[in-house]
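Trainee: one predicted model, sequence on top.
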Amino acid sequence: MSVIDDIRAIAAGFGVTLRHMLARPVTIQYPEQKRVPYPRFRARIVLTRDPDGGERCVACYLCSAACPVDCISMQAAEGADGRRYAEWFRINFSRCIFCGLCAEACPTLAIQMTPDYEICKRDIMDLVYEKEDLLIDGCGKDSSYNFYRHAGIDVTQPRGEGLEETPPVDVRSLMP
Amino acid sequence: MTASTVDIALFAAKLAMVFFVILTLAAYLVFAERRVLAWIQDRKGPNRVGPFGLLQPLADLIKLLTKEDFIPTVADKWLFYLAPAMAAIPAILTFSVIPFGKPVAIAGHQVPLLIADLNVGLLFFLALSSIAVYGVALGGWASNSKYSLLGGIRGLAQLISYELSMGLSLVPVVMLAHSFSLTDIVVAQARLPFIVYQPLAFIIFLVSITAECKRIPFDIPEAEGELVAGFHTEYSGMRFGLFFVGEYINIIVLGGLATTFFLGGWHGPLLPPVVCFSLKTLAVAFFFIWMRGTLPRLRYDQLMHLGWKLLTPLALVNILVTGWFLQIVA
Ligand code: SF4
Ligand code: SF4
């Protein structure tokens, strides 16, 4: 009978809620208990250095172009040795949506996401991070990669000396 | 008969105590509801203010009192002012006829543990419960907003569909107790509570009082999903608080009435009468909260259907059967 079925269904509902009432809450009491995020969790962004300690960022603007909310800005400059770097580099974390597209776009692995999710400030202007705040002393996720070893022609090494590079061929010579 | 000073003093003390207890209990019922609902949803609920969050009602009170008391420019000012009180006052008034304990003797005076032992207490309750809907209807009307108005109209329509079955479900109780006085009804349950004789009437009454205090699954006048907040959409600050507290006072009072009519009132094993009464009342209140966490809201027409086509005929049949039974026994 449908009435009996209905009553049984309602009673079953009460049973379910009672069971949940007695079950353990899943709440994490945040400031006291902290969740440990996974290593690839996307939170606060850092600028890393290459294994030799130089800044990885070459101020190519790719991250800034990739950013869907336009929160990265910088000014490119060139050092005396011809090596490019960012004169200033600014990420506005009050706009960042932590999508990670900047890190994906970066050819030098300079910009990287870290699992540090506790960035909130009383003053919104404190969320604008300058280069000094972003630059860290380590290599981040890839400890051996050095962009200039692969592509730093005439800047850090002469033509043909880099990794995976063969010496230049003299095209005017007919010798094999 | 002239009342002595001691009588008056005792009465005043009783009045103050009941007032204090009801208001405190209502505030803590809000807290309890939030905690229990949280548990049902595998959360923890408010647990930050004071130990276990026990000072939360106080924080809520301060918040409500310091909020802006906003009145829409198009509102009907006086009705807008009055409506929250009209909703809360009948709820408290109803408690005056509920006997919450056996009469006790203090300083040689027999003190009945209720405010007013009316010989038509049951009718008094039915009358007040109908008056309470004025708060809803006028609040909805006075706000001059479409959501509020719809909420108020729904409140009225809801009233006529549950009031009848609520009244009818109480008729067998009167037949069994031979009295309209709530004290007599409780005394008549000394041996067995009426729920044993009248399970059907109890269920009808329970469903009706859920509709009476506008709780899920019958919170049609408020219906957050459809009407923002129904009749109190435009209210803020303590005026909203009054509606809110009125609802919880209503729960306590109706829980007390269910206890009085069906669960044997202050009668109970071992424990002192007042404690028995309170426990039963709180159990009903807990059931209300539990129900809120379980059932979805009924549609407007479903409530009408339930009230008119199911509960009212059932209550009528129940009266007939009870009368027939009493005839046989007599
Ligand atoms: S994570 Fe996304 S939003 Fe944030 S800076 Fe990088 S690209 Fe922009
Ligand atoms: S962080 Fe990477 S992508 Fe952005 S400017 Fe520097 S090198 Fe280019």
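Mentor: The structure has been received and is ready for your questions. Ligands and ions are numbered 1, 2, ... in the order given.
Trainee: mind listing the helices for the stretch 101-250 of chain B?
Mentor: B:121-143, B:146-177, B:182-188, B:194-197, B:199-212, B:224-227, B:237-261 (DSSP state H, counting those that start in this stretch).
Trainee: likewise for chain A?
Mentor: A:2-22, A:62-66, A:101-105, A:131-134, A:147-151 (DSSP state H).
Trainee: ranking those helices by mean pLDDT, which is last?
Mentor: Lowest mean pLDDT within these: helix A:147-151, a mean of 79.
Trainee: quick one: is it near ligand 2?
Mentor: No. Applying C-beta under 6 Å from any ligand atom, one finds helix A:147-151 separated from ligand 2 by no less than 7.9 Å. For glycine as for every other residue, the C-beta is placed from the backbone atoms N, C-alpha and C.
Trainee: remind me, longest strand of chain A?
Mentor: strand A:84-92 (DSSP state E).
Trainee: interface residues of chain B facing chain A?
Mentor: Contact residues (C-beta under 8 Å from any C-beta of the partner chain) of chain B with chain A: B:36, B:38-44, B:290-291, B:293-295.
Trainee: separate out the buried members of the residues you listed.
Mentor: Those of those that meet the buried threshold are B:36, B:38-41, B:43-44, B:290-291, B:293-295, by 16 or more other C-beta atoms under 10 Å in any protein chain shown.
Trainee: so who does residue 44 touch?
Mentor: With no chain named, the answer covers chain A. Contact analysis of A:Arg44 by C-beta atoms under 8 Å, 6 or more residues apart in numbering or on different chains lists A:93, A:113-114, A:116-117, A:119.
Trainee: actually, chain B is the one I wanted.
Mentor: Applying C-beta under 8 Å, 6+ apart, the residues contacting B:Lys44 are A:25, A:27, A:29, B:38.
Trainee: next: B:Phe125.
Mentor: B:94, B:97, B:182, B:257.
Trainee: any idea how far it lies from ligand 1?
Mentor: According to C-beta to the nearest ligand atom, to the nearest Å, B:Phe125 stands 62 Å off from ligand 1.
Trainee: show residues contacting the helix or strand of chain A with the lowest mean pLDDT.
Mentor: Ranked by mean pLDDT, DSSP states H and E, the weakest helix or strand in chain A is helix A:147-151, scoring a mean of 79. The set of residues external to helix A:147-151 that reach it, using C-beta under 8 Å, 6+ apart, is A:50, A:54, A:56, A:58, A:83, A:107-109, A:155-157, A:162-164.
Trainee: of the helices of the stretch 101-250 of chain B, flag the one that's most buried.
Mentor: helix B:237-261 (a mean of 24; mean count of other C-beta atoms under 10 Å in any protein chain shown).
Trainee: any idea which helix or strand comes after that helix?
Mentor: helix B:273-294 (DSSP states H and E).
Trainee: who are the packing partners of that next one?
Mentor: When contacts are defined as 3 or more C-beta pairs under 8 Å, 6 or more residues apart in numbering or on different chains; DSSP states H and E, helix B:273-294 sits against helix A:2-22, helix B:5-40, strand B:101-106, helix B:199-212, helix B:237-261.
Trainee: out of those, which is closest to ligand 1?
Mentor: helix B:5-40 (33.9 Å; C-beta to the nearest ligand atom).
Trainee: restricted to buried residues, select the contacts of A:Arg44 in PyMOL.
Mentor: Buried residues among the contacts of A:Arg44 (16+ other C-beta under 10 Å), as a PyMOL selection:
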select buried, chain A and resi 93+113+114
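Trainee: list just the nearest of the contacts of A:Arg44 to chain B.
Mentor: A:Tyr117 (21.1 Å; C-beta to the nearest C-beta).
Trainee: need the pLDDT of whichever residue of chain B sits closest to ligand 1.
Mentor: Residue of chain B nearest ligand 1, by C-beta to the nearest ligand atom: B:Arg43 (30.5 Å). Per-residue confidence (pLDDT) for B:Arg43: 88.
Trainee: isn't there a strand covering it?
Mentor: No. Looking at B:Arg43 with DSSP: H, G, I helix; E, B strand; the rest coil, it is coil, so not inside a strand.
Trainee: could I get the contacting residues of it?
Mentor: So B:Arg43 contacts A:25-27 (C-beta under 8 Å, 6+ apart).
Trainee: for B:Gly45, which non-adjacent residue is closest in space?
Mentor: Spatially, and ignoring its direct neighbours in sequence, B:Gly45 is nearest to B:Ala38 (3.0 Å; C-beta to C-beta, 6 or more residues apart in numbering or on different chains).
Trainee: from ligand 2, how far out is that neighbour?
Mentor: In terms of C-beta to the nearest ligand atom, B:Ala38 sits 44 Å off from ligand 2.
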